[in-house]
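> build me a model from this:
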Amino acid sequence: MIPGLRAELRRTNFSGREVSLAEGALVVGAVVALSARTRRPSDAAVLAGIGALGLADDLLEPRQRRAGRPVSKGLRGHLGALREHHLTTGAAKALGIPLLAVLGTAGAPPPRGGAMVVADAALVAGCANLANLLDLRPGRALKALLPPAAALALAPAGGERGADGRLLAVAALLPALLALPADLRERGMLGDAGANVLGAALGGAAVRRLPVPARLPLLAAVVVLTLVSEKVSFSAVIDRTAALRALDRLGRLPLDAEGGR
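Residues are numbered from 1 along each chain as shown. I've put the predicted structure just below:
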């Protein structure tokens, strides 16, 4: 890897270890390549756009910090910056990912009303954002993504729409599996790019594979979790809950290797 690019991708994680965002960039490439196997060329284009927005946020936000510019965090912070006529990279994602999701769901068969297109797009965008919200500890986002991706990939296809949904689930499943060892060993991290694109691919698979009565409650759950994240720390809840804490630490480096955290 080019030394300058390697330095740009280098980050210090929560435990003080040096990790690389190259993992996230590779995940984006793998998801886009696998999603190109669906019958709709727009699937790969939409996921590439989401990955590009995430990568821009990964690379540009640290530059803003080094330049001493204020950096907004969370949905509320980014929307607040927009009200002050300041477009952050996070705000660009908050606007761009839903727009790309609408473009991706609008032409998906069978023909649907505008309300259902918006709901499906919200599910894709919400899954992309939720995956990113979970990517705060090694392996956490991947552990949340892998079971539903496997379930959607293994379920019976059910027509062309279902077959495309299966391919999108595989596009999330295989890169996530390949990224898991490096993520758990704290050699790499998904970053916004990797987490967003994996979540969007999973959301797209759910839109194609699940019936409306299942998609709407799933969307409601994603919205609730997103709103709760503005007030409640997922990490704090996980640390206070024994079963969640054990699952979260499964496969990770020992606590003494994480600086006692």
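> and stretch 165-182, what's buried?
165-173, 175-176, 179-180, 182 (16 or more other CB atoms under 10 Å). Yep, even glycine has a C-beta here, placed from its N, CA and C like the rest.
> just the residues you listed: which are in helices?
Of the buried residues of stretch 165-182, the ones assigned to helices by DSSP state H are 165-173, 175-176, 179-180, 182.
> how about a markdown table for these, with distance to L21 and pLDDT added?
What follows is these, written out as a markdown table (distance: CB to CB, whole Å; pLDDT from 0 to 100):
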| residue | distance to L21 | pLDDT |
| --- | --- | --- |
| G165 | 29 | 94 |
| R166 | 29 | 95 |
| L167 | 26 | 96 |
| L168 | 24 | 97 |
| A169 | 25 | 97 |
| V170 | 24 | 97 |
| A171 | 20 | 98 |
| A172 | 19 | 98 |
| L173 | 21 | 98 |
| P175 | 15 | 98 |
| A176 | 16 | 98 |
| A179 | 12 | 97 |
| L180 | 16 | 97 |
| A182 | 12 | 95 |
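> that older thread, for S35, state which of the buried residues of stretch 165-182 is nearest.
Distance to S35, by CB to CB, is smallest for A171 among those, at 4.4 Å.
> give me the neighbour count for the residue lying closest to the closest one once chain neighbours are set aside.
Excluding the flanking residues, the one nearest A171 by CB to CB, 6 or more residues apart in numbering is L34, at 3.7 Å. By other CB atoms under 10 Å, the residues close to L34 number 22.
> what's the average pLDDT for stretch 53-69?
If you average the pLDDT over stretch 53-69, you get 74.
> look up how far G16 lies from L34.
34 Å (CB to CB, to the nearest Å).
> and what of G51?
28 Å.
> and those two? Which one has more around it.
G51 (26 against 10).
> what's the neighbour count on A153?
A153 has 19 nearby residues by other CB under 10 Å.
> pretty sure it sits in a helix.
Yes. When DSSP: H, G, I helix; E, B strand; the rest coil is applied, A153 is found to be in a helix.
> so it sits against L177, correct?
No. A153 is beyond contact range of L177, at 10.9 Å (criterion: CB atoms under 8 Å).
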